[in-house]
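What shape does this take:
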Amino acid sequence: MSVDQELIKERRTVEEELGKLLHVDRLDGLANHDALNLLGMLVNEADDTRCVEKVARALNWCDQLNSREWSGSEAVRFHYNWANAWAARRHILMNDASSSSWEWNHPELGQELFHLRMAIKEPEFDSSENYQKCQIYVNTANALNTLGRPVQALEYWNRALQIIPNYGMALGNHGLGLMSYARQLYDGGHAMVLMKFAYEDFKSAISAGAYYEDNGYETVKTGMETEANNIETHIDLAVVNSTLDLHHHSLGESKEEQEYRRWCLTQRLFLNPINDLGTYPIAARDIFGLPSITVSIKEPPVLYGFFNQLKQEYVSARYMYYEGICSDGVHFSDRDVALVNTLDYPAYSIAVEREKVAFRLLYSIFDKLAYFINSYWRLGMPEKQVSFRSVWVQKGKTGKVSSLRDQFDGYENLPMRGLYWLSKDILENDAMLEFRGHNT
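Prediction:
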């Protein structure tokens with residue numbers, strides 16, 4: 001019997017012993033280990049049965065247990081269970097006929113993502129059992145993909161696959177993420193490449209060598225097989241495979257340029273959807289652009305101008321950062337510069353300044369993106385009031401910010417919803433903290 005099988009058997013034994021406690025109101029008398037086992041059981045049962053009362057009890061238990069002192073490994077499990085409790089509540093709400101999958105504000109999903117991030121943030125996360133780390137990475141990726149951030153989701157699915165390369169749920173969801181990403185691209189060629197990789201993910205996920213924690217995933221695997229068959233039906237994979245050359249492409253003329261482009265590929269920094277698939281030389285160019293936009297004949301191409309500026313500032317900042325981190329030795333401009341020794345060991349050099357300028361330039365792109373959104377969606381915001389924080393919200397009768405803009409509320413555009421949630425991550429100091437421990 002493998003180590004993983006022994007762990008599963010032990011867990012089932014514990015579940016049988018603690019099953020009679022599922023209906024208690026408080027967990028004060030239980031040790032941390034038993035409380036976590038019982039919480040996990042209740043959350044799983046609540047999600048499986050879509051039971052509102054059990055979800056409410058699980059969230060109540062999480063509030064109770066939040067004041068406990070946890071070891072690092074216990075804290076990982078606690079936040080993982082808490083995230084799953086919020087996921088169970090979200091699943092129930094999404095089954096409600098009055099609920100819309102295109103709602104932009106998802107308190108339950110925000111709570112889920114917060115606790116998954118808290119689990120990953122724990123110092124002892126890296127020493128957790130492999131299957132648990134994979135579960136947390138996959139759930140984090142699924143949450144990000146649901147919000148409209150497939151590129152970041154791919155990173156977390158890949159983290160799981162680095163731990164267990166044949167982890168079935170990571171492979172299958174990675175395929176679903178690529179399908180979602182492909183549907184958002186206006187370039188049909190790029191979309192077909194992503195679909196090809198999604199197909200390979202699905203086939204790997206349903207293969208005999210795929211790893212699943214138990215035998216309860218047959219329905220999931222059937223769904224993956226259906227997706228693979230759909231891709232095979234609509235795309236001539238033989239033609240794609242025979243014509244697609246990912247590797248035999250130039251990385252530049254000089255050794256310096258080649259090294260820079262290899263670094264960009266490795267860091268997934270090219271504005272190219274294929275770079276999100278891996279470090280393929282074909283992706284070593286910033287080809288991502290705008291689809292055709294129809295405007296009045298009297299209108300100048302303002303949006304293309306906005307986009308050109310955004311793109312140029314990004315690639316320039318990327319190179320300045322590369323120059324800064326790759327600098328070795330003292331640059332001649334730093335020689336004979338008299339600086340006061342402030343005894344706090346600061347680092348001064350043109351390399352450091354390049355990195356700082358790069359970050360400032362990159363950060364400013366978000367507000368420029370807000371100008372693009374204000375113009376394209378004709379929001380009518382005065383220029384001095386436009387920012388990546390303000391562009392998403394509207395003011396009420398009192399003049400104070402009251403809610404998400406009507407233009408975006410329920411708007412069926414995943415990348416836009418992803419940008420909205422990115423703004424919450426970057427600009428709202430309490431964006432994730434506000435999700436802590438509230439089940440209203």
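
need the helices for the stretch 301-440 of the chain, in chain order.
Using DSSP state H, counting those that start in this stretch, the helices of the stretch 301-440 of the chain run over residues 302-326, 350-376, 414-427.

Of all those, which one is nearest residue 61?
With respect to residue 61, and counting by CB to CB, the nearest of the helices of the stretch 301-440 of the chain is helix 414-427 at 27.5 Å. From N, CA and C alone the C-beta is placed, and that goes for glycine too.

For residue 170, find the nearest of the helices of the stretch 301-440 of the chain.
Proximity to residue 170, assessed across the helices of the stretch 301-440 of the chain by CB to CB, is greatest for helix 414-427 (20.6 Å).

Report the buried residues of that closest one.
414, 416-424 (16 or more other CB atoms under 10 Å).

about what we covered before: could I get the helices of the stretch 301-440 of the chain as TSV with distance to residue 46?
Listed next are the helices of the stretch 301-440 of the chain as TSV, based on distance: least, CB to CB, whole Å:
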stretch	distance to residue 46
helix 302-326	44
helix 350-376	38
helix 414-427	26
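
and the ones you listed as a markdown table, adding mean pLDDT and distance to residue 167?
Converted to a markdown table, these look like this (pLDDT from 0 to 100; distance: least, CB to CB, whole Å):
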| stretch | mean pLDDT | distance to residue 167 |
| --- | --- | --- |
| helix 302-326 | 94 | 32 |
| helix 350-376 | 94 | 33 |
| helix 414-427 | 92 | 25 |
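
Could you list every helix and strand in contact with the helix or strand hosting residue 117?
Residue 117 belongs to helix 107-121 when assigned by DSSP states H and E. Applying 3 or more CB pairs under 8 Å, 6 or more residues apart in numbering; DSSP states H and E, we find helix 107-121 packed against helix 72-94, helix 130-147.

Tabulate those (TSV), appending mean pLDDT, mean neighbour count and distance to residue 106.
As requested, the helices and strands packed on helix 107-121 are exported to TSV (pLDDT from 0 to 100; neighbours: other CB atoms under 10 Å; distance: least, CB to CB, whole Å):
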stretch	mean pLDDT	mean neighbour count	distance to residue 106
helix 72-94	94	22	7
helix 130-147	96	23	7
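
Minimum distance to residue 367: which of these has it?
Each of the helices and strands packed on helix 107-121 has some distance to residue 367 by CB to CB; the shortest is helix 130-147, at 21.4 Å.

what angle separates the closest one from helix 107-121?
Per axes from the mean of the first three to the mean of the last three CA atoms, to 10 degrees, the angle that helix 130-147 makes with helix 107-121 is 140 degrees.

what element comes up after helix 130-147 heading to the C-terminus?
Later in the chain than helix 130-147, the nearest helix or strand by DSSP H and E is helix 150-163.

So which residues make contact with that next one?
130, 133-134, 137-138, 140-142, 144-145, 167, 169-171, 173-174, 177-178, 180-181, 184, 268, 276, 414, 418 (CB atoms under 8 Å, 6 or more residues apart in numbering).

And the pLDDT for residue 106?
As predicted, residue 106 sits at a pLDDT of 87.

again with residue 2
At residue 2, pLDDT is 52.

The one 10 residues further on too?
pLDDT recorded at residue 12 is 59.

repeat for residue 170
Model confidence at residue 170, given as pLDDT, is 97.

Could you pull up phi and psi at the residue in the chain sticking out farthest from the centre?
Distance from the centre of the chain peaks at residue 336, with 46.4 Å (CA atoms, centre = their mean). Here is the backbone geometry of residue 336 (degrees, to the nearest 10): phi 60, psi 30.

Thanks a lot, catch you later.
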